[in-house]
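[1] One predicted model, sequence on top.
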2 protein chains.
Amino acid sequence: MKITAKGEYGVRAMAMLAQDFRAGPIPLREIADREGISYQFLEQIFLPLRRAGLITSVRGAKGGYALAHPPEKIKVGDIVRILEGPIAPVDCVAEGNESSCKRKSICLTRGIWEKLRDTMSEVLDEITLADVAMMSHKTNKEGS
Amino acid sequence: MKITAKGEYGVRAMAMLAQDFRAGPIPLREIADREGISYQFLEQIFLPLRRAGLITSVRGAKGGYALAHPPEKIKVGDIVRILEGPIAPVDCVAEGNESSCKRKSICLTRGIWEKLRDTMSEVLDEITLADVAMMSHKTNKEGS
DNA sequence: ATAAATCCGACTAAATAGATCGGAATAGCT
DNA sequence: AGCTATTCCGATCTATTTAGTCGGATTTAT
């Protein structure tokens, strides 16, 4: 029930871009170093994010990446869906895949996974990068 | 963001036991056949469920498995935790593992995963096997 | 021209998932 | 007592996925 490193790194990197929004493109090397992520692995993560239109890139010297939209327009769910595929605890209830399961009409457990999928989607779609970037102001909010 | 076949099969098998609660122990062979699951794989799933005290077993001829408690006392979350490990979208916020992450105090994204973890736990803990077994009465609830 | 950067397909090692195998132990039935 | 149904359980196996690396082409500011 875990997301992969790809998804986790992707969200972290996007959060960084959100903090530096409007500061010009940030080179991948810097993001990788600051977050302690393999540069070449991060390259693989940014490729689909760009193709999906979540980030823009500037090639050549002084180039780098920036969010394609203001942070409040980008939902964590958007990022996760691109890097991890459709949100679903089991394949047979994957978003967009609704009608495929042969056992659908007799499956006792389908309802569980649909509910779980919907709740997961809701949570991830109601958090934007603006929310995430703001977290830096209220670190340690609940005194552990 | 998926659970494994182990978790999915486990919940399905437990749902069957819930439907036949108080009908005497059911042999694994029958569950495997009815659900179309590999018998030997299902054996591996029932072992930890028994050790955790969710089911009881009767050995020998006429033996089999039964729920150790009434269906309304067993939460789907209990089953998932045993078969999949602690509920958590990322390891660093795993239930019971709370204090281990070194980046905890500076991590912008930790809040996302904590929220997601809590919501997932809530959903899975508020559904009991009694709820699941009842699904057989209201199949196709929303006329798609 | 050079250096800084993105772009991108291919490869690899390790871990995980999903079984399967082989047999021991236990209990009901005749 | 012997046969059969069943749980118990460690070991092994194969395919896929994951996480990361490699090598190089392309673009652009200076």
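    That came through, no problem. What you are looking at is a predicted structure, and each value in this text was computed from that prediction instead of being measured.
[2] And the helices in chain A?
    A:5-19, A:28-35, A:39-51, A:76-84, A:110-125, A:129-134 (DSSP state H).
[3] Give me the contact list for the first one.
    This points to helix A:5-19. A:26, A:31, A:34-35, A:37, A:41-42, A:44-46, A:49, A:54-55, A:65-67, A:71, A:74, A:76, A:79-80, A:82-84, A:129-130, A:132-133, A:136, B:1, B:90, B:107-109, B:112 (C-beta atoms under 8 Å, 6 or more residues apart in numbering or on different chains). Any C-beta I mention is one placed from the backbone N, CA and C, and that applies to glycine too.
[4] Recalculate using a threshold of 6 Å.
    Helix A:5-19 is contacted from outside by A:31, A:35, A:37, A:45, A:67, A:71, A:79-80, A:83-84, A:129, A:132-133, B:90, B:108-109, using C-beta atoms under 6 Å, 6 or more residues apart in numbering or on different chains.
[5] swap in the fifth one?
    If you take C-beta under 6 Å, 6+ apart as the criterion, helix A:110-125 is touched by A:75-77, A:80, A:87-90, A:93, B:76, B:115-116, B:119, B:123, B:127, B:135.
[6] what's the answer for stretch A:66-86, then?
    Here stretch A:66-86 has contacts from A:3, A:6-7, A:10-11, A:14, A:17-18, A:21, A:25, A:48, A:52-56, A:94-96, A:124-125, A:127-130, A:133, B:1, B:112, using C-beta under 6 Å, 6+ apart.
[7] if we can go back for a sec, got TSV for the helices of chain A, with mean pLDDT too?
    Shown next, in TSV, are those (pLDDT from 0 to 100):
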stretch	mean pLDDT
helix A:5-19	98
helix A:28-35	97
helix A:39-51	98
helix A:76-84	98
helix A:110-125	98
helix A:129-134	96
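[8] State the distance from the most centrally placed residue in chain A to residue B:31.
    Centroid check for chain A by C-alpha atoms, centre = their mean gives residue A:79 as the closest residue, at 2.6 Å. Look at residue A:79 and residue B:31: by C-beta to C-beta, to the nearest Å, they are 40 Å apart.
[9] How about residue A:69?
    Taken as C-beta to C-beta, the span from residue A:69 to residue B:31 is 50 Å.
[10] the more surrounded of those two?
    Comparing residue A:69 with residue B:31 by other C-beta atoms under 10 Å in any protein chain shown, the one with more neighbours is residue B:31, at 22 against 14.
[11] Just list the residues touching the more buried one, thanks.
    Residue B:31 neighbours (C-beta under 6 Å, 6+ apart): B:13, B:16.
[12] gap between it and residue B:41?
    Going from residue B:31 to residue B:41 by C-beta to C-beta gives 12 Å.
[13] follow-up on the earlier one: the helices of chain A: which one's closest to residue A:61?
    Nearest to residue A:61 among the helices of chain A is helix A:28-35; the distance by C-beta to C-beta comes to 12.3 Å.
[14] near DNA strand C, anything from that closest one?
    Yes: Helix A:28-35 lies within reach of DNA strand C by C-beta under 7 Å from any atom of the strand, at A:28-29.
[15] Could you do stretch A:58-77 as well?
    Yes: judged by C-beta under 7 Å from any atom of the strand, stretch A:58-77 and DNA strand C are in contact via A:58-65.
[16] Which one (most neighbours) among those?
    residue A:65 (24 neighbours).
[17] What sits closest to residue A:93 if chain neighbours are left out?
    Leaving aside its sequence neighbours, residue A:93 sits nearest to residue A:113 (C-beta to C-beta, 6 or more residues apart in numbering or on different chains; 4.6 Å).
[18] typo on my end, residue A:88
    residue A:94 (4.0 Å).
[19] Quick check: that neighbour vs residue B:117, distance?
    21 Å.
[20] cool, residue A:44 as well?
    Taking C-beta to C-beta as the measure, residue A:44 falls 26 Å from residue B:117.
[21] Kindly report the same for residue A:20.
    28 Å.
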